[in-house]
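> Build the 3D model from these lines:
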Amino acid sequence: MKKTVSITSGGYTATFRVDKGGNCVQLLHAPSGADILRTPIDEQVYTDNPNVYGMPLLFPPNRIKDGVYTFQGREYRFPINEPARHHHIHGVLSISEFEVSELKEDYVRFTYQATKEKPYLEFPHQFTVTLEYSVSEAGLFQRLTVTNDGEWDMPFGAGFHTAMNVPFMPGGSADACTLRVTAGKVWPYDERIMPTGETKDASAFVQGVPAAHIKISDLMDMGGSGGTAILEDKAAGGRIVYEAGEGYRYWMLFNQGGEMGFVCPEPQTWTIDAPSSPLPPEISGFDAIKQGDKRVLEARMRFEKI
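Numbering: from 1, shown residues only. Just a heads-up that it's a prediction; the model follows:
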């Protein structure tokens, strides 16, 4: 099986890793020369930190405190893969092998199935993930569909650890790159990256903050369902518009200290440790899919001149 597939149309070329969750590891816009997504320079760096390249799928997104929660009388346990804080983080779909179920010049569909014979971690549910991408003059379109194939209500939280290059086009400058997002409130967290329950004003992120040379590691709600992140480079005269559709409620913004050449506006459906959150579901984003039902999340990304 091929590890890599690509699709092309409308000036855009998107490249994916089939063996790494269908991750879109590169998005190029030929007319402008924009290289939008952070692409691993070799296999070792990708293996060492797979969630800071491209658009890896997070399932569940962010952290589960101590790797455990209870839902409908069942205890759910996830492996502790962030030992310094004793949490589970991000799941492993981003490093799981998917299947290419359809491939055209401008479209690809990936699938993954968790069954009783081949379970996902210790998650006691059968489910199907379908991840679709297409490119056109309008940019990159993404659709995630998760279907509950099992007998019980299935907790659902998902997101993408989208990593954008800073700068992202010829003539660009990290000093000239700013990031702004649709945001309601910032949700501060403690030393274990657990929300404190307090909130702060998010107007600085709405107006725009430097994408480099300062540390960004901030959780914020979108102020509703769905939001937009814009990475703009005034030196090069271009911007990336990233639209997270209905169902996404939070951003986790991250740039690993600000000197690594990327910034991540990560859309996610729920807050950190949502299954154990005291907040009501309409705020925390906690959700469950009934037997035979599904959830669909859509997003779009495009280059624009400014």
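> use CA for all of it now, contacts and neighbours both
OK.
> these two touch, right, Ile7 and Ser136?
No - counting by Cα atoms under 8 Å, Ile7 sits too far from Ser136 to count as a contact (9.9 Å).
> between those two, which one's more packed in?
Neighbour totals were compared for Ile7 and Ser136, and Ile7 leads with 20 against 17 (other Cα atoms under 10 Å).
> all helices for the stretch 101-250 of the chain, in order.
If you assign secondary structure with DSSP state H, counting those that start in this stretch, the helices in the stretch 101-250 of the chain sit at 203-207.
> thinking again about what came up before, check the contact lists of Ile7 and Ser136 and give me the overlap.
Shared contacts of Ile7 and Ser136, defined by Cα atoms under 8 Å, 6 or more residues apart in numbering, comprise Asp106.
> Now do the buried residues in the lengthiest strand in the chain.
Secondary structure of the chain per DSSP state E: the longest strand is strand 294-305. Buried residues in strand 294-305, counted by 16 or more other Cα atoms under 10 Å: 294-295, 297-303.
> same check, this time on stretch 188-196
In terms of neighbour count (16+ other Cα under 10 Å), stretch 188-196 has its buried residues at 188-189, 193-195.
> pLDDT for the residues you listed - can I get that in JSON lines?
Shown next, in JSON lines, are the buried residues of stretch 188-196 (pLDDT from 0 to 100):
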{"residue": "Pro188", "pLDDT": "98"}
{"residue": "Tyr189", "pLDDT": "97"}
{"residue": "Ile193", "pLDDT": "97"}
{"residue": "Met194", "pLDDT": "98"}
{"residue": "Pro195", "pLDDT": "97"}
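> quick check, nearest of the residues you listed to Asp273?
Taking Cα to Cα as the measure, Asp273 sits nearest to Met194 out of those, at 7.4 Å.
> who touches that closest one in this structure?
Applying Cα under 8 Å, 6+ apart, we find Met194 in contact with 65, 272-273.
> and those, which of them are in strands?
Using DSSP E, Lys65 are the members of the contacts of Met194 that sit in strands.
> Contacts made by stretch 104-124 with the rest, please.
With Cα under 8 Å, 6+ apart as the test, stretch 104-124 has contacts from 7-9, 18, 22, 76-79, 97-103, 125-136.
> And that stretch, how far out from the chain middle?
Shown here is stretch 104-124, whose average C-alpha point lies 17 Å from the average C-alpha point of the whole chain (Cα atoms, centre = their mean, to the nearest Å).
> Buried residues, it. List them.
Judged by neighbour count using 16+ other Cα under 10 Å, the buried positions of stretch 104-124 are 106-114, 120, 124.
> Repeat that for stretch 273-291.
273-275, 277, 283-291.
> And the contacts of stretch 104-124, which of them are buried?
7-9, 18, 22, 77-79, 97-100, 103, 125-136.
> Please consider this matter closed, and thank you.
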